[in-house]
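>>> Pasting a predicted model and its sequence here:
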Amino acid sequence: MTTAIYPGTFDPIHRGHIDIIERTAKMFDNLIVVIAKNSKKVNLFAEEERLKMLKEALTHLNNVDVIFTSGLLADIAKKKNAVAIIRGIRNSTDLDYEMPVAQMNRKISGVTSVFILPDEKYSFLSSSIIREIASFGQEVSEFVPENVALALKEKFLK
């Protein structure tokens, strides 16, 4: 059985993430989506909220699990016996950031990173852009699952 992990902060999950998750789930026996804590980011949604949103958005995928970690990704990869760390690459800026991270993860864990391009219709999406437009009351349901669009509306109504 092959296992891959797909880490991210997913604040919030959007259709670009889901595209990568669905395609990756076809390539591996198991895919573990890892909601990672990033000390450099201030999140809109708490860990429990993100976990709930992801689980609801991914119920149609039988071989996908969702977990949260505040530890090193390389440690999770080793612990879960992952053969790959999946990373979405939208542009050269993403690649420049991800390359040294992938090299360090491989050095620590021995696990290879696999870069996947999102479908071109999602290549402009980012969680930060979605949060920004939602904060101004704009409709985001085209970019995120329904449960996430509702959570964003609720968050910004407060």
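Arrived safely, thanks for sending.
>>> Would you mark the buried spots in stretch 113-132?
When burial is assessed from 16 or more other Cβ atoms under 10 Å, stretch 113-132 yields the following buried residues: 113-114, 118, 122, 125, 127, 130-131. C-beta here means a position set from N, CA and C on the backbone, and glycine is covered the same way.
>>> for those residues, which one is nearest Ala74?
Ser113 (10.5 Å; Cβ to Cβ).
>>> Does that closest one touch Pro100 like I think?
No - between Ser113 and Pro100 no contact is recorded; they are 10.7 Å apart, counting by Cβ atoms under 8 Å.
>>> re earlier: quick check: of the buried residues of stretch 113-132, which lies closest to Val140?
Nearest to Val140 among the buried residues of stretch 113-132, counting by Cβ to Cβ, is Ile130 at 5.5 Å.
>>> would Ile35 count as being in a helix?
No - per DSSP: H, G, I helix; E, B strand; the rest coil, Ile35 lies outside any helix segment and is strand.
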